[in-house]
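1. Have a look at this prediction, sequence included:
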Amino acid sequence: MIIDAHAHLWKIQQGRVDDGKPVFHIGSGKSQFGDEVRQMMPPYMTDGENSAERLIANMDYAGVSGAVITQEYIDGNQDEYLLLCKKKYPDRLKICALYDDLHNEKSMRDLSGFDGIKICASRLRDKNLLNHKLPFKLACENGKFISIDLADGAEQTEMMQKIINEFPDLKIAVGHFGMVTRDGWLSQIKLAENKNVFVESGGITWLFNDEFYPYPSAVEAINRAADTVGFEKLMWGSDYPRTMTAITYKMSLDFVEKTSEISTENKALFLGENAGLFYGFGDLNVPEKIKNMVE
């Protein structure tokens, strides 16, 4: 069983970047990204809609049973759309409400239907996490998890540890594998020494894009993180669909499946077993393998 701990969906991209500059689709998978144009999705996503149906099709092809849908300011708040996606695929998707520091506290009060809260900590206007205790408090009170992408290195780890100490029973998933290619990344990994803190690898192929598939340095980093906190604290994530501008969805996990540097038992933990327990997935079906046209 394989579970993707970090994917994105959106109906209409209406985001912001760089202190409020707009992000929106302009055709063929490209987006206006502040002052520049970026290939935000694969070019065949011509309508700009990053739909659940497309993700599920990719999951079925790659043999992925479940996925956790996080959010990002650059896509805009997708709470309403994600609730519809969860209703359509209740067993296969876990969804996060977006904590937005531009909104008032009332915007976070109704978490019904959501499984967790996403905090884009690296993009907060005020990066002092101690001034953003509300989502942690609400997640703890409502039995939700926190998905958080921290700023590079150790910039926010001391603050994060203070919050963990205050909410020790709260499940927290640190994203982007601690921003693994940046100095001080292991300081984020070490947060998983706390009982209910895990680390997911969404975006690891982006961070090692210059090396490209099969990402031997990414595999080395996964093993180094495991030496620090144990494989039982690490989870795989794809960062779909942005990483699919360079590789296929299948390739985002294939480099782990095929490496000889990780044992079969540890691959099982990393690719699905840990996420199944952390996010509370039930019994999931393994998608049927369909022979493709080049096999």
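-> In hand now; what should we look at? Numbering: from 1, shown residues only.
2. low-confidence ranges in this structure?
-> Applying pLDDT under 70 to the chain flags residues 102-109.
3. Okay, helices next: where are they in it?
-> In order along the chain, the chain carries the following helices (DSSP state H): 52-62, 79-88, 134-142, 157-166, 185-189, 204-207, 216-229, 251-258, 264-268, 274-279.
4. Of all those, which one is nearest residue 174?
-> Evaluated with Cβ to Cβ, the helices of the chain place helix 185-189 nearest to residue 174, the distance being 5.6 Å. Placement of C-beta: from N, CA and C, glycine included.
5. list the buried ones in stretch 5-13?
-> Judged by neighbour count (16 or more other Cβ atoms under 10 Å), stretch 5-13 contains these buried residues: 5, 6, 7, 8, 9, 10, 11, 13.
6. before we move on, what about stretch 252-270?
-> Buried, per 16+ other Cβ under 10 Å, within stretch 252-270: 252, 253, 255, 256, 259, 262, 266, 267, 269, 270.
7. any chance of those in JSON lines, plus distance to residue 204?
-> Below are the buried residues of stretch 252-270 laid out as JSON lines (distance: Cβ to Cβ, whole Å):
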{"residue": "252", "distance to residue 204": "9"}
{"residue": "253", "distance to residue 204": "11"}
{"residue": "255", "distance to residue 204": "9"}
{"residue": "256", "distance to residue 204": "9"}
{"residue": "259", "distance to residue 204": "13"}
{"residue": "262", "distance to residue 204": "13"}
{"residue": "266", "distance to residue 204": "16"}
{"residue": "267", "distance to residue 204": "15"}
{"residue": "269", "distance to residue 204": "16"}
{"residue": "270", "distance to residue 204": "11"}
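8. Sort out which one of those residues lies nearest residue 202 for me.
-> residue 252 (9.3 Å).
9. The closest one contacts residue 243, correct?
-> Yes. Using Cβ atoms under 8 Å, residue 252 is in contact with residue 243, at 5.9 Å.
10. what touches both of the two?
-> Residues touching both residue 252 and residue 243 (Cβ atoms under 8 Å, 6 or more residues apart in numbering) are residue 205.
11. Can I get the helices of the chain in JSON lines including distance to residue 101?
-> Shown next, in JSON lines, are those (distance: least, Cβ to Cβ, whole Å):
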{"stretch": "helix 52-62", "distance to residue 101": "27"}
{"stretch": "helix 79-88", "distance to residue 101": "15"}
{"stretch": "helix 134-142", "distance to residue 101": "10"}
{"stretch": "helix 157-166", "distance to residue 101": "15"}
{"stretch": "helix 185-189", "distance to residue 101": "21"}
{"stretch": "helix 204-207", "distance to residue 101": "24"}
{"stretch": "helix 216-229", "distance to residue 101": "29"}
{"stretch": "helix 251-258", "distance to residue 101": "30"}
{"stretch": "helix 264-268", "distance to residue 101": "37"}
{"stretch": "helix 274-279", "distance to residue 101": "25"}
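12. one step back: point out the ones among the buried residues of stretch 5-13 that are inside strands.
-> Mapping the buried residues of stretch 5-13 onto strands (DSSP state E) picks out 5, 6, 7.
13. how close does the closest residue to the second one other than its chain neighbours get to residue 14?
-> Of all residues beyond its chain neighbours, the one nearest residue 6 is residue 202 (2.4 Å), with distances taken as Cβ to Cβ, 6 or more residues apart in numbering. When distance is defined by Cβ to Cβ, to the nearest Å, residue 202 is 22 Å away from residue 14.
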